[in-house]
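K.L.:
Sequence plus the predicted model coming up.
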Amino acid sequence: MKNIIIKFLLISICFHFNAKADNSIYTVKDNQVYLQNDQNVLKLREKAKKLAFDNAFNVLIKKILEPSEKRKLERFEKIDVFSLIKDFKIVEEKITDIDYSANILVNFNPDLVLNFFDDSKIKSKVLVSEEYLVLPIFKKFNTFYLWENDNVWYDYLLNEYDELGLLKLYFPEKNHINKIQISPKQILKQDDESIKKFLISKKKKKALILYLEETYDLKINKINSIVSATLFSDKGFETVKLFQNDAYEENSKLSNAKLISKIIIRELDEWWKKKIDSPDFESSNEYIFFIELQTKNLKENIFIEKKINEILGKKGFVLHEFNKKVIIHKVITKYDIEQLNLALEIDNLRLEQSTEKDNLFRLKSY
C-alpha cells in the first residue's frame, strides 16, 4: 500500500509540473508597435509594452473566442492583460530622432487565461488540430502547378498560415521528389491510393486539397478565380464548405490569388472551430463519463493526464478512483467523444468505449 501511495504522489507531482505545457496558441509573435519619439526612451518602452500586450491579447481572443463570446468582453471597462502574461521578449527595437518601433513577443499563461474566461462565463475554444497535409494546386490558363517554384498559390497560403493557431497545417516542400510521388492530376482525379501513399511517406493521416483555378473571361474582361477545398482521410473524400458553399468564386482585373489566400486560410480556421464546436455548446448540458488508466504505466499516464487536462482544464478532469491496477478519472465536458478524439488525434490517441460500462472509456494508441 505504501508503494502505491508513493507512486500516486509521484504521478501527482509530475502532473503538477507538466499539466499545462507551453501551448503555441498562447504565444503571439511578430507583434509590431510604432510610436513617435518624444525623447524619453524609458517611457516609450513602457508605452510600447502596454500597446504590445493589448495587441497580443486581441490576437489571442480572435484565435480562441467566437465573435459572440468576444463581445462579452465589452462589459469590462478595463482588463488587466499584464496579469495574464507569463513572459515577453523584445525581439527587435529601433530608435530614431523621429520614431520608435519594437517587435515584442508575448507568451500568455494558459491557466490564467482560461481561468479568466471561466470566471467571466466566456466560452473559449482551445482544441488544437492534428497536422493536415496541404496540397495547394494552382491551375492558371490550362497549366497545373503544385511542386513547381512558380506555384504562387502555395507561397501565398504558406505566408498567410498562422503556425500558432488552432488549425495545424503541413506544407510539403516544393521539390523533385514530391513531384515524382504525386501529381496534380492524380489528386484532382481523387486517386486515393496515391494520396494514401503520399500521406504515409510524410507521416500524416489527413490531407487538405486546396484547388485554385484562374481563367480569363472575355465577356467581362476579367480573371475568374474559383477555389475549392477537399478533405481526404480514412473516411474518403469530403467537400469542405467555404462560406457554406462548395466553392468560393470571384472576378478581378488581375490575379487575386494573394488576397484569396488570406480569405481561404481564415475560412479554414473557422471550419476547424466548427468541427470542434458542440451542437449544444450554448446549453448547460454536459457529458459525464470516466477514463480508466492502468496504474503500472506511470510514464504513459503522466502524458495522458497532461494531454486531457490541456483539453478540458482542471475543472473538467478529476481523480475519481485509485487502486493497485487502475486510475479512474471523472470527465465533465460539453465536448462529445467524437470532438475529443479530434483533439487527441495529434498525439495518435483515441477514446474507446469499454465493453463493461457504457460511460467508461479507455485511451488507445493508433
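P.N.:
Looks like it arrived, so ask away.
K.L.:
Could you list the low-confidence segments of this protein?
P.N.:
1-23, 277-284, 310, 313-315, 366 (pLDDT under 70).
K.L.:
can you give me the helices in it?
P.N.:
For the chain, the helices defined by DSSP state H occupy 2-18, 41-64, 67-70, 110-119, 152-160, 176-181, 184-188, 192-201, 257-276, 298-312, 337-344.
K.L.:
Export these as TSV, with columns for mean neighbour count and distance to Tyr170.
P.N.:
Bear in mind the C-beta positions are built from the backbone N, C-alpha and C, glycine included. Formatted as TSV, the entries for the helices of the chain read as follows, by neighbours: other C-beta atoms under 10 Å; distance: least, C-beta to C-beta, whole Å:
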stretch	mean neighbour count	distance to Tyr170
helix 2-18	12	26
helix 41-64	17	19
helix 67-70	12	28
helix 110-119	17	24
helix 152-160	20	10
helix 176-181	12	12
helix 184-188	17	16
helix 192-201	14	10
helix 257-276	18	13
helix 298-312	18	20
helix 337-344	18	17
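K.L.:
List the residues that contact the closest residue to His329 other than its chain neighbours.
P.N.:
Nearest in space to His329, with sequence neighbours left out and distances taken as C-beta to C-beta, 6 or more residues apart in numbering, is Ile291 at 4.9 Å. If you count contacts by C-beta atoms under 8 Å, 6 or more residues apart in numbering, Ile291 has them with 308, 328-329, 331, 351, 360-363.
K.L.:
what about the residue most central in space within the chain, distance to Leu158?
P.N.:
For the chain, the residue lying nearest the average C-alpha position, counting by C-alpha atoms, centre = their mean, turns out to be Leu166 (1.3 Å). In this structure, Leu166 and Leu158 are 18 Å apart, going by C-beta to C-beta, to the nearest Å.
K.L.:
residue contacts, Lys29?
P.N.:
91, 105, 164.
K.L.:
what's the neighbour count on the first one?
P.N.:
Other residues within reach of Val91, judged by other C-beta atoms under 10 Å, total 13.
K.L.:
so what's the nearest residue to it once chain neighbours are set aside up against?
P.N.:
Taking C-beta to C-beta, 6+ apart as the measure, Val91 lies nearest to Asn103, with 4.4 Å between them; neighbours along the chain are not counted. Neighbour list for Asn103: 30-33, 90-93 [criterion: C-beta under 8 Å, 6+ apart].
K.L.:
Filter these down to the ones in strands?
P.N.:
Judged by DSSP state E, the contacts of Asn103 include 32-33, 90-93 as members of strands.
K.L.:
List only buried entries from those residues.
P.N.:
In these, burial by neighbour count holds for Val33, counting by 16 or more other C-beta atoms under 10 Å.
K.L.:
CSV please, covering the ones in strands among the contacts of Asn103 and showing distance to Lys197.
P.N.:
Shown next, in CSV, are those (distance: C-beta to C-beta, whole Å):
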residue, distance to Lys197
Gln32, 43
Val33, 47
Ile90, 47
Val91, 41
Glu92, 43
Glu93, 49
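K.L.:
closest to Val59 among the ones in strands among the contacts of Asn103?
P.N.:
Relative to Val59, the closest of the ones in strands among the contacts of Asn103 is Gln32; by C-beta to C-beta it sits at 11.6 Å.
K.L.:
What distance do you get for Leu114 to Glu92?
P.N.:
Applying C-beta to C-beta, one obtains 30 Å for the distance of Leu114 from Glu92.
K.L.:
thought Asp169 was touching Leu208?
P.N.:
One correction, residue 169 is Leu, not Asp. Yes. With contact defined as C-beta atoms under 8 Å, Leu169 and Leu208 form a contacting pair (7.2 Å).
K.L.:
Mutual contacts of these two, please.
P.N.:
When contacts are counted by C-beta under 8 Å, 6+ apart, Leu169 and Leu208 are jointly contacted by 132, 134, 268.
K.L.:
what's the closest of the ones in strands among the contacts of Asn103 to Leu188?
P.N.:
Gln32 (39.5 Å).
K.L.:
for that closest one, what are its contacts?
P.N.:
Residues in contact with Gln32, defined by C-beta under 8 Å, 6+ apart, are 101-103.
K.L.:
still on that earlier bit, looking at strand pairing, list the partners for the residue nearest to Val91.
P.N.:
On the basis of DSSP bridges, Asn103 takes part in beta bridges with Gln32, Glu92.
K.L.:
Between the contacts of Lys29, which sits nearest Phe141?
P.N.:
Leu164 (35.9 Å).
K.L.:
I'd like the distance between the closest one and Leu199.
P.N.:
Computed as C-beta to C-beta, the Leu164 to Leu199 distance reads 24 Å.
K.L.:
nearest to Asp38, of the shared contacts of Leu169 and Leu208?
P.N.:
Taking C-beta to C-beta as the measure, Leu268 is the one of those closest to Asp38, at 42.6 Å.
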